[in-house]
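**Q** can't give you the sequence, but here's the structure:
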């Protein structure tokens, strides 16, 4: 099994993820949530036909063609979306930032369709099962786009037999975050979602919990505490860190003791933690660098034979 | 994201890192142990009579900038914790990465103990002597005293590092400030006293006279003016004191805005260090006189009976003749020197924990070494192992002569740097996918070649010269193959550890090499 998470729109990370299946000879590949990006970059077509953009501190003035293609490729690789526009529309957008919501939906949909097509092309003819879960940052229209794919399976809220031996329960919902993301819910609601799935498990001890949110106080969930302005709270010794994982997730893992807990959500909390017999992992994320952090596991019928963290 | 990027954002989560560019720069500076040159300078003059120390600093800075730029540029491309271990593993072969990094970590943890002697025997001991507390001075000057203080300090390092990167850097800042105070007091005192004042104090209190020192120096052939050949040879020696300016590459993942920060931390630390070193050397030789300092070094280095001081002629020891009736100034300098001598091994232990942590995540050592505590996010198992190993090294330092086998550690360090530079030279072709995705500065062309390749070639040439110089008889006396073999043996042990892990993983079904391979992005 090859697992990665939190690619946040990085097309480079997604293509690596898909290629990771045959590369690692994995039977199952899983993305654990937060697949969509957070920003779009306007690429502005000027009246004289030139293209302008500012990206990573550099102002670009390009002619359509190879250079523009390369810039767009770099932007997409880092998890940003490219928004082709003109000076008037850009000014209108600056004056009405609310319009960006609709633009995001269009750009995310286009990007996801492109990536699903890539996965279909690359995995066609293989026996690799590809699961892509939305995470708390992902809007609900993402599920509809994923459902269009014949190859990629969205496992949200389901218990799926992944190989005839192991079942996987998945959810990208998390406990509440300061950002009130689309799939942030209360611990009670999260517990209910998890209970709905675990009640369907035939053999919990052979199962895999693909829960975007890590278990509470597990070292996989350390994040800076934020103030009311969403700025990190600082102490004389730096940002105040706190566990932000889910108590529901922890309770479920401790109760059912699955083989694996696959988590993400907190990009800089890469790590592993055995909770009883369950190996909980968060491979972390460096999507802005185009680096795919992942986790490889070799499973036997009732145990994790071996595992590796990879960074590709 | 750069500040001038125009973008539109949606509501989503985000996180912060703990170490700023300035913190990282201070880390590098304290690793370099800026006042260590008060000792190294005397050694250099002893080995290379007539060397122009301030000039060696300026030339060394050029070398440091080349090597520093190489490390900063490579970091910009692969900004991952583990630094050159990651680069060598991913670009050349993991067995090279681990063998070099294993040697380096073992050498660091051992050498750190030598620096702790400076705390007790080269700074605080003399301070209590000047303050008229001979019992404390005698305790600190003894090996048992040094050992006890060192063990306490190592335990404190462990606790401190467990509290996280930010806390460790705050302590380094405090130690840096004490070091800067020492530098200011040292230079201001010497300049205000002047040459004649220093000479008068020396004549009155040392048991020797200034002129006797010069005459004795001439008698052993110490030159009366700077010698160009000695200056050129001494550059390699001075450069050794620069090493460490790139140490922040070992914990890139904990540094904010890491690509920009590494440039500031690495290049900034070489420039600041150069400034400190040049001022110290320039003021010292200007006030005390180059021939006087050189003659003392020559007499001390050759165990000449004409040398009558009760202590080595290190700058902080000679400083007592500039602080007659001013124990406060002497104490401030001694405290600053001790602070620096504590900070350096603290940085070694900190980096050592990160290296072991990286090995554990790569599964070449047991994964339990990657365990972190929930409150401070610190790799406590790696910290415990690192501190215990440092303490064991301290026992060996104090009570045996075994660690003299690290005499050629500088050679090993330069071999490691050479392999890192080879990784950089071939990087654009061996890892084209990563290179193509790198920031523009990495791909910039110079003389038709990628900048990282050009800097890699420069770093390789510097490394080869300094590696050669570090084992040349001119530096270390009679060449001892056993000492060199020790360093090489550590590299071989690192390779063996890799092979054992590789063989084990092969049996379990997940080949270790998968950790180091890049998935094709297309």
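**A** Sure thing, it's come through. Treat the numbers as computed from the prediction; the structure is a model and nothing was measured.
**Q** check which residues of the helix or strand hosting residue B:56 are buried.
**A** Using DSSP states H and E, the element containing residue B:56 is helix B:53-77. For helix B:53-77, the neighbour count (16 or more other Cβ atoms under 10 Å in any protein chain shown) marks B:53-57, B:59-61, B:63-77 as buried. Any C-beta I mention is one placed from the backbone N, CA and C, and that applies to glycine too.
**Q** quick one: mean pLDDT over the next helix or strand after that helix.
**A** Heading C-terminal from helix B:53-77, the first helix or strand you meet, by DSSP H and E, is helix B:84-87. Here the mean pLDDT over helix B:84-87 is 88, rounded to a whole number.
**Q** same check on stretch B:186-204?
**A** Mean predicted confidence for stretch B:186-204 is 96.
**Q** one more: stretch B:312-332?
**A** 94.
**Q** buried stuff in it?
**A** Neighbour-count burial for stretch B:312-332 [16+ other Cβ under 10 Å]: B:312-324, B:329-332.
**Q** which outside residues touch it?
**A** B:35, B:38-39, B:41-42, B:122-123, B:126-127, B:130-131, B:181-182, B:185-186, B:189-190, B:193, B:197-198, B:201-202, B:204-206, B:280, B:284, B:287-288, B:293, B:296-297, B:300, B:307, B:309, B:311, B:333-334, B:337 (Cβ atoms under 8 Å, 6 or more residues apart in numbering or on different chains).
**Q** among those residues, which ones are buried?
**A** Counted by 16+ other Cβ under 10 Å, the contacts of stretch B:312-332 give B:35, B:38-39, B:41-42, B:122-123, B:126-127, B:130, B:182, B:185-186, B:189-190, B:193, B:197-198, B:201-202, B:206, B:280, B:284, B:287-288, B:293, B:296-297, B:300, B:307, B:309, B:311, B:333-334, B:337 as buried.
**Q** can you tell me the element the one residue in the stretch 101-250 of chain B that gets nearest to chain A falls in?
**A** In the stretch 101-250 of chain B, no residue comes nearer to chain A than residue B:166, which is 2.8 Å away by Cβ to the nearest Cβ. Here residue B:166 is covered by helix B:165-205, with elements defined by DSSP H and E.
**Q** which helices and strands does the helix or strand following that helix pack with?
**A** Once the chain leaves helix B:165-205, the next helix or strand it forms, by DSSP H and E, is helix B:210-219. If you count contacts as 3 or more Cβ pairs under 8 Å, 6 or more residues apart in numbering or on different chains; DSSP states H and E, helix B:210-219 packs onto helix B:165-205, helix B:290-301.
**Q** can you add distance to residue A:250 and give these back as JSON lines?
**A** JSON lines is the format used below for those (distance: least, Cβ to Cβ, whole Å):
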{"stretch": "helix B:165-205", "distance to residue A:250": "26"}
{"stretch": "helix B:290-301", "distance to residue A:250": "64"}
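**Q** and residue B:499, which of the ones you listed is closest to it?
**A** Across these, residue B:499 has its closest neighbour in helix B:165-205 (32.3 Å, Cβ to Cβ).
**Q** quick one: list the elements packing against that closest one.
**A** strand A:238-239, helix B:21-31, helix B:143-162, helix B:210-219, helix B:258-288, helix B:327-361.
**Q** please name the residues that touch residue B:273.
**A** Contacts of residue B:273 by Cβ under 8 Å, 6+ apart are B:29, B:32, B:34, B:64, B:242, B:245.
**Q** what do you get for residue B:136?
**A** Counted by Cβ under 8 Å, 6+ apart, residue B:136 has contacts residue B:128.
**Q** try residue A:154
**A** Residue A:154 sits next to A:131-134, A:143, A:146-147 when contact means Cβ under 8 Å, 6+ apart.
**Q** ok now stretch A:37-54, how far from the chain's centre?
**A** 26 Å (Cα atoms, centre = their mean, to the nearest Å).
**Q** which ones among the contacts of residue A:154 lie within strands?
**A** A:131-132 (DSSP state E).
**Q** right, and the helices and strands packed on helix B:210-219 - which one's nearest residue B:348?
**A** helix B:165-205 (12.0 Å).
**Q** and for residue B:303, the neighbour number?
**A** Residues within reach of residue B:303, counting by other Cβ atoms under 10 Å in any protein chain shown, total 7.
**Q** right, I mislabeled it, should have said residue B:522
**A** 9.
**Q** just checking, it touches residue A:15?
**A** Yes. With contact defined as Cβ atoms under 8 Å, residue B:522 counts as touching residue A:15 (6.5 Å).
**Q** just checking, residue B:61 touches residue B:270?
**A** Yes. Between residue B:61 and residue B:270 there is a contact under Cβ under 8 Å: 6.3 Å.
**Q** find residues that contact each of the two.
**A** Going by Cβ under 8 Å, 6+ apart, residues that sit against residue B:61 and also against residue B:270 are residue B:242.
**Q** up against chain A, what does the stretch 201-350 of chain B have?
**A** Counting by Cβ under 8 Å from any Cβ of the partner chain, the residues of the stretch 201-350 of chain B close to chain A are residue B:253.
**Q** any idea which residue of the stretch 201-350 of chain B lies closest to chain A?
**A** residue B:253 (7.4 Å).
**Q** please name the residues that touch that residue.
**A** Contacts of residue B:253 by Cβ under 8 Å, 6+ apart are A:268, B:17, B:79-81.
**Q** so which of those residues comes closest to residue A:229?
**A** residue B:17 (19.0 Å).
**Q** can you pull the pLDDT of the closest one?
**A** In this model, residue B:17 carries a pLDDT of 58.
**Q** before we move on, the earlier item: compare the contacts of residue A:154 and tell me which has the most neighbours.
**A** residue A:133 (31 neighbours).
**Q** where in chain A is pLDDT low?
**A** Low-confidence regions of chain A, defined by pLDDT under 70, span residues A:57, A:235-239.
**Q** what residues does the stretch 101-250 of chain A have near chain B?
**A** A:101, A:103-104, A:136-137, A:177-181, A:217-219, A:222-224, A:232, A:236-239, A:241, A:243.
**Q** drop anything exposed from the residues you listed.
**A** Applying 16+ other Cβ under 10 Å to these flags A:103-104, A:136-137, A:177-179, A:181, A:217-219, A:222-224, A:232, A:237-239, A:241, A:243 as buried.
**Q** what about those, which are in helices?
**A** In helices, judged by DSSP state H, the following of those are found: A:103-104.
**Q** what packs against the helix or strand containing residue A:91?
**A** Taking DSSP H and E as the criterion, residue A:91 maps to helix A:87-95. Judged by 3+ Cβ pairs under 8 Å, 6+ apart, helix A:87-95 is in contact with strand A:39-45.
**Q** ok, the next helix or strand after the strand it packs on: who's next to it in the sheet?
**A** The helix or strand immediately downstream of strand A:39-45 is strand A:51-55, counting by DSSP H and E. Looking at strand A:51-55 with DSSP bridges, its partner strands are strand A:39-45 (antiparallel), strand A:58-62 (antiparallel).
**Q** now do the buried residues in the last one.
**A** Just to be clear, that refers to strand A:58-62. Buried-residue list, strand A:58-62, by 16+ other Cβ under 10 Å: residue A:62.
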